[in-house]
Structure formats: C-alpha cells, structure tokens
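**Q** Only the shape, not the letters, is given here:
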C-alpha cells in the first residue's frame, strides 16, 4: 500500500512517499522510510507522531494513503508568546 511520511524542520519539510506491506504500523512505516537515519535527532520516545494531524501511537495500523507525521517538540510556550503581543 502507498503511504507518505512527513517531518518538518525549522528550515523546511521533508516529505516522502513509499510503499509498505498491508498491515504496517506507524513504527513500521517510520523504520521503512529510513527517516531515523536521515534525521538522528528524531527520538520516538520524545517526538510525537500522528496521521493527518491526529496524534496516534506507534503501533497503530496505517491505511492506504495515510500521511504519517513526526512532530518536533514545542520549543516556545504559545501562551507566553501571546501575552507578549
């Protein structure tokens, strides 16, 4: 089945399409993509993951056409930023 994977860095976004076996989990897709080797700063114990903007678990089975997203930790407090404006 065809899926996509995305990871956004401050300098830009990485987007890959790939084919994975039916029944693959989010973790299977991440490993199959090679993105962990390309971006060693990704730590799946810290970085949250999602499918189409919805946080999910690594053991979630993905569907055809899913977009797996790896999120960076928030580095600024949005409430603090809002109070400064």
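**A** Received, thanks. No experiment lies behind these values; they were computed from the predicted model shown. Numbers count the residues shown, from 1 in each chain.
**Q** Next up, the contacts around the spatially most central residue of the chain.
**A** Residue closest to the mean C-alpha point of the chain, counted by CA atoms, centre = their mean, is residue 70 at 1.7 Å. Taking CB atoms under 8 Å, 6 or more residues apart in numbering, we find residue 70 in contact with 5-7, 30, 35, 42, 47-49. Using the backbone N, CA and C atoms, a C-beta is placed for each residue, glycine as well.
**Q** Mark which of the residues you listed are part of strands, please.
**A** 5-7, 49 (DSSP state E).
**Q** Nearest to residue 21 among those residues?
**A** Closest approach between these and residue 21, by CB to CB: residue 5, at 15.1 Å.
**Q** ok, the closest one - contacts?
**A** With contact set as CB under 8 Å, 6+ apart, residue 5 has these partners: 15-16, 18, 29-30, 33, 35, 67-70.
**Q** For those residues, which single residue is the most surrounded?
**A** residue 68 (29 neighbours; other CB atoms under 10 Å).
**Q** Do you know the pLDDT at the nearest residue to that residue once chain neighbours are set aside?
**A** Excluding the flanking residues, the one nearest residue 68 by CB to CB, 6 or more residues apart in numbering is residue 5, at 4.6 Å. As predicted, residue 5 sits at a pLDDT of 97.
**Q** Quickly list what residue 8 is bridged to.
**A** For residue 8, the beta-bridge partners are residue 13 (DSSP bridges).
**Q** residues of the helix or strand containing residue 3 that come out buried?
**A** Assigned by DSSP states H and E, residue 3 falls within strand 2-9. Of the residues in strand 2-9, 3-5, 7 count as buried by neighbour count, 16 or more other CB atoms under 10 Å.
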